[in-house]
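> Provide a 3D model corresponding to the input given below.
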Amino acid sequence: MTFVEVEPGVRLEVLDWGGADRPRTMVLLTGLGDNAHVYDGFAFQFTDDFHVIGITRRGFLPSSQPEHGYDVETRARDNIAVLDAFGIRKATFVGHSLAGSELSQFGEVHPRA
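Numbers count the residues shown, from 1 in each chain. Modelled structure (predicted):
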């Protein structure tokens with residue numbers, strides 16, 4: 001577990017389940033009300049093929065709970081900031097529920113990522 005500062009005063013929890021030596025990365029995004037630990041029970045099953053990380057979005061502990069930044073554009077930018085912090089240029093995103101809006105925004109803004 002680590003924290004990535006995505007903007008001044010806003011830190012997101014990032015879980016790393018392993019596979020850092022793999023050439024591909026899988027990013028797990030949560031639904032509304034969850035943190036990345038929701039994937040603890042099975043994320044490791046993908047580490048033979050992927051470096052698997054999970055992001056707890058702003059507003060959900062233990063990530064920061066700022067007064068602003070809950071729009072889809074900011075949430076998608078947060079995900080990009082995490083990738084940048086890890087030096088990840090391309091990833092496979094997996095998510096459910098609220099993550100769908102972030103995934104759609106990300107695909108619209110970064111169609112080749």
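> by contact count, what packs against the strand or helix carrying Val52?
Taking DSSP states H and E as the definition, Val52 sits inside strand 51-56. The elements that strand 51-56 packs onto, with contact taken as 3 or more C-beta pairs under 8 Å, 6 or more residues apart in numbering; DSSP states H and E, are strand 10-18, strand 25-29, helix 72-86. Where C-beta positions appear, they are placed from N, C-alpha and C, glycine not excepted.
> Any idea how far the shortest one is from the middle of the chain?
Shown here is strand 25-29, whose average C-alpha point lies 6 Å from the average C-alpha point of the whole chain (C-alpha atoms, centre = their mean, to the nearest Å).
> Quick one: list the elements packing against that strand.
The contact analysis (3+ C-beta pairs under 8 Å, 6+ apart) places strand 25-29 against strand 51-56, helix 72-86, strand 92-95, helix 99-109.
> any idea which of these is most buried?
Most buried of the helices and strands packed on strand 25-29, by mean neighbour count (mean count of other C-beta atoms under 10 Å): strand 51-56, with a mean of 25.
> model confidence over it, on average?
When pLDDT is averaged over strand 51-56, the result is 98.
> List the contacts of the nearest residue to Ser104 once chain neighbours are set aside.
Spatially, and ignoring its direct neighbours in sequence, Ser104 is nearest to Val72 (7.9 Å; C-beta to C-beta, 6 or more residues apart in numbering). Residues counted as contacts of Val72 (C-beta atoms under 8 Å, 6 or more residues apart in numbering) are 101-102, 104-105.
> Relative to Gly59, how far out is Val72?
For Val72, the distance to Gly59 equals 13 Å [C-beta to C-beta, to the nearest Å].
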